[in-house]
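J.: sequence and predicted structure, then a few things I'm wondering about:
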Amino acid sequence: MTSEQFRIVVAVALLLALILLRLQSESFGAAEYDEPGNRYHRGFWTRLCWYALGLALLVAIYNVHPQPHDVLFLVVGNHVDVFTFGLSLAAIGAAQAAVFAWFRYGGLRLPAPSAYPGAAINSVATAVIDEAAFRGVLQGMLLAIGLPNGSAILVQAIIYVLATRMAAPGRHRYMLLLSLGIGVGCGWATVQTGGIGAAILAHTLTSFALFICTGHAGQVRRGAEPDEVEALRRPDGWRDARRPDQTSGPGQVGQDS
């Protein structure tokens, strides 16, 4: 075995470790599980450990593999194409998130302002790790062994869906389709631009748009939301005293009993 072959084998082993780490993101309360009120929600330092481990593995792969730019796409790509493809995919991602929220909730479920900084960090960090790992390293290795572009994009997208556990029982089918769409769309953008810059941009903005539209970091509930359950349990004509009726004008008397 030559030195170059040995470095490639080590890079493959590091990629497998990275995929296993992605499978365990639920335990760290990171990625799609970083959401207050979720039973998987963890403290900032626990989530930071997941981000740090993921980035450390990516840095190791970058330094070990003999051709991280040409084979693994671990480069931004053509700057003009990055913005063209990235923003186009992001616009599609934001539009579908808004449409889903409209049909699922009847409108946007804007989260509390205090949740925005954490969601922004989560969107960026998760997008960087996911795109570098799946659209960069994994897809690059599949192309390197001779798979056609379409086959490599589809295979890495399926592995990505499995690694994010979106196909697990109890997950909302919308999240399964969204993850598959991100995998295919960002994989195609990576091949077209020669780097992962467009994929990171599109993934980040799509994830943040989903957060704004649904109020969730990524785990859209399959069943009723807590406030919907509360509304169903409340007797007719009653209102929650903690949520003043915004439709009542000055001087009007509420119906609370």
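T.: Yes, it's here.

J.: can you check the pLDDT for Ser248?
T.: Looking at Ser248, its pLDDT stands at 41.

J.: what do you get for Gly254?
T.: 43.

J.: i'd like the first residue to be 868 from this point on
T.: Sure, I'll start counting at 868 from here, so that last one is Gly1121.

J.: in the chain, which residue is closest to the centre?
T.: Against the mean C-alpha coordinate of the chain, by CA atoms, centre = their mean, the closest residue is Ser1074 at 5.2 Å.

J.: quick check: that residue touching Ala992?
T.: No. Between Ser1074 and Ala992 there is no contact, the gap being 10.4 Å when judged by CB atoms under 8 Å. To be clear about C-beta, it is placed using only N, CA and C from the backbone, and glycine gets the same treatment.

J.: against Ala957, how distant is Phe950?
T.: Taking CB to CB, to the nearest Å as the criterion, Phe950 is separated from Ala957 by 10 Å.

J.: shared neighbours, these two?
T.: Listed as contacting both Phe950 and Ala957 by CB atoms under 8 Å, 6 or more residues apart in numbering are Leu1068.

J.: more crowded one of these two?
T.: Just comparing Phe950 and Ala957: by other CB atoms under 10 Å the higher neighbour count belongs to Ala957, 21 against 14.

J.: now that one: closest residue in space that isn't a chain neighbour?
T.: In space, and not counting its chain neighbours, Ala957 is closest to Leu1072: 3.7 Å by CB to CB, 6 or more residues apart in numbering.

J.: count of residues packed around the one you found?
T.: Look at Leu1072: counted by other CB under 10 Å, it has 21 neighbours.
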